[in-house]
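Structure here, sequence nowhere to be found:
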């Protein structure tokens, strides 16, 4: 007779399977709510009328309540606190910074920006073939006025022809390449022309002052053509040989140069403030006097103003 296998069936009993213990969560929520309720009753019983009004104002407008005006309407006396009373809550959250500190922070930030621009120009000089070829003519430093770029003459390699204000082709290429970087900043630019001490004798009445100013304007036109915005130009000056680079050798080629300054905010503001009207009365020295006005009217009535004037002699200036 074959033996039959014995099969044992076991039933797994689950305690409280009909509710799974969820009543514990509900009871915990109920206990927490009751504790909070009795805490509110205790606080309202011990709070002063001013504190109650502050609580009411907070729950009516949690963001910008002003009644009571205190972020701690109920003091539980559990820790020390120092609260300066004020009419508005916003006054306690403001951080007062002195104007001098703000100005110093702004100057520090601008100094960092100038140093970053300095590094950008150095990298462009190292990577650009045109600027790399003439890097011995580029002098870059940071001064009190801002970042200064000087393009100087070298022996046998001047920026301009002698006594002329037209750029050499390679000088124009240098300014075009610099304009690509200078055009990306928001600072004002100052362009200054310099000459050496050799007197200009090309034509009567035209000196190194006029020559340096014309060369500065030529550099300005080249920078604008290369990408610098017109409104970036803040100053164009010709200084002749009044500010020599090499004071030991006034006729050295390095004295013939164009200086471009990326002006900081303080320098640009100083130029603007010095040029603006101060409100004080001005004396116009060009205005004619009463006698001169009467003389002019007399000449106008007589018609003597239309008389032909004597031509200037050769070499004589007629301004």
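Good, I have the coordinates. Nothing here was measured: the structure is a model prediction, and the numbers come from that model.

all strands of the stretch 1-150 of the chain, in order?
138-142, 146-152 (DSSP state E, counting those that start in this stretch).

Next, the residues that contact the last one from outside, please.
In this structure, residues lying in contact with strand 146-152 by Cβ atoms under 8 Å, 6 or more residues apart in numbering are 114, 117-118, 121, 137-142, 159, 171, 174-175, 178, 187, 190, 245, 253-254, 256-264, 267. No exception for glycine: its C-beta is placed from N, CA and C like everyone else's.

strands paired with it, and their directions?
Within its sheet, strand 146-152 is paired with strand 138-142 (antiparallel), strand 257-263 (antiparallel), according to DSSP bridges.

tally of neighbours for residue 257?
If you count neighbours by other Cβ atoms under 10 Å, residue 257 ends up with 23.

and it, what are its bridge partners?
residue 152, residue 194.

surely it meets residue 153?
Yes: using Cβ atoms under 8 Å, residue 257 is in contact with residue 153, at 6.6 Å.

Which neighbours do those two have in common?
With Cβ under 8 Å, 6+ apart as the test, residue 257 and residue 153 both reach residue 159.

can you pull out the helices in the protein?
22-46, 49-60, 90-93, 99-127, 129-133, 169-182, 208-226, 265-275, 290-302 (DSSP state H).

These into CSV, with extra columns for mean neighbour count, mean pLDDT and distance to residue 241?
Formatted as CSV, the helices of the chain follow (neighbours: other Cβ atoms under 10 Å; pLDDT from 0 to 100; distance: least, Cβ to Cβ, whole Å):
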stretch, mean neighbour count, mean pLDDT, distance to residue 241
helix 22-46, 10, 84, 85
helix 49-60, 14, 75, 75
helix 90-93, 11, 48, 60
helix 99-127, 13, 80, 27
helix 129-133, 12, 84, 27
helix 169-182, 19, 90, 20
helix 208-226, 20, 94, 6
helix 265-275, 13, 81, 23
helix 290-302, 10, 81, 38
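
Verify the stated contact: residue 234 with residue 192.
No: Residue 234 is beyond contact range of residue 192, at 11.6 Å (criterion: Cβ under 8 Å).

Tell me which of the two has more neighbours.
Using other Cβ under 10 Å, the more surrounded residue of residue 234 and residue 192 is residue 192, with 22 against 16.

Next one: the closest residue to residue 250 other than its chain neighbours from residue 241, what distance?
Leaving aside its chain neighbours, residue 250 sits nearest to residue 197 (3.7 Å; criterion: Cβ to Cβ, 6 or more residues apart in numbering). Computed as Cβ to Cβ, to the nearest Å, the residue 197 to residue 241 distance reads 4 Å.

Which neighbours do the two have in common?
250, 255.

These two: which is more packed in?
residue 241 (18 against 14).

Return the residues in contact with the more buried one.
Taking Cβ under 8 Å, 6+ apart as the test, what residue 241 contacts is 194, 195, 196, 197, 208, 250, 255.

Buried ones only from those residues, please, as a PyMOL command.
With 16 or more other Cβ atoms under 10 Å as the criterion, this PyMOL line picks the buried residues out of the contacts of residue 241:
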select buried, resi 194+195+196+208+255
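
Closest one of the contacts of residue 241 to residue 130?
Closest to residue 130 out of the contacts of residue 241 is residue 194 (22.8 Å), distances taken as Cβ to Cβ.

Quickly note the distance from the closest one to residue 150.
From residue 194 to residue 150 the distance is 9 Å (Cβ to Cβ).

Name the residues contacting each of these two.
Shared contacts of residue 194 and residue 150, counting by Cβ under 8 Å, 6+ apart, come down to 245, 257, 258, 259.

sorry, back to before: would you confirm that the residue nearest to residue 250 contacts residue 256?
No: the pair residue 197 and residue 256 fails to qualify as a contact (Cβ under 8 Å) at a distance of 10.3 Å.

what's the distance between the closest residue to residue 172 other than its chain neighbours and residue 260?
Distances taken as Cβ to Cβ, 6+ apart put residue 222 closest to residue 172, at 5.5 Å, once the chain neighbours are dropped. For residue 222, the distance to residue 260 (Cβ to Cβ) stands at 11 Å.

and the nearest residue to residue 195 once chain neighbours are set aside, what does it touch?
The shortest distance from residue 195 to any non-neighbouring residue, by Cβ to Cβ, 6+ apart, is to residue 208 (4.4 Å). Contacts for residue 208 (Cβ under 8 Å, 6+ apart) come out as 195, 198, 199, 200, 240, 241.

Between those residues, which has the least confident prediction?
Sorting the contacts of residue 208 by pLDDT puts residue 200 at the bottom of the list (83).

Phi and psi next, for it.
Residue 200 adopts backbone torsions of phi -90, psi 130, taken as degrees, to the nearest 10.

Please consider this matter closed, and thank you.
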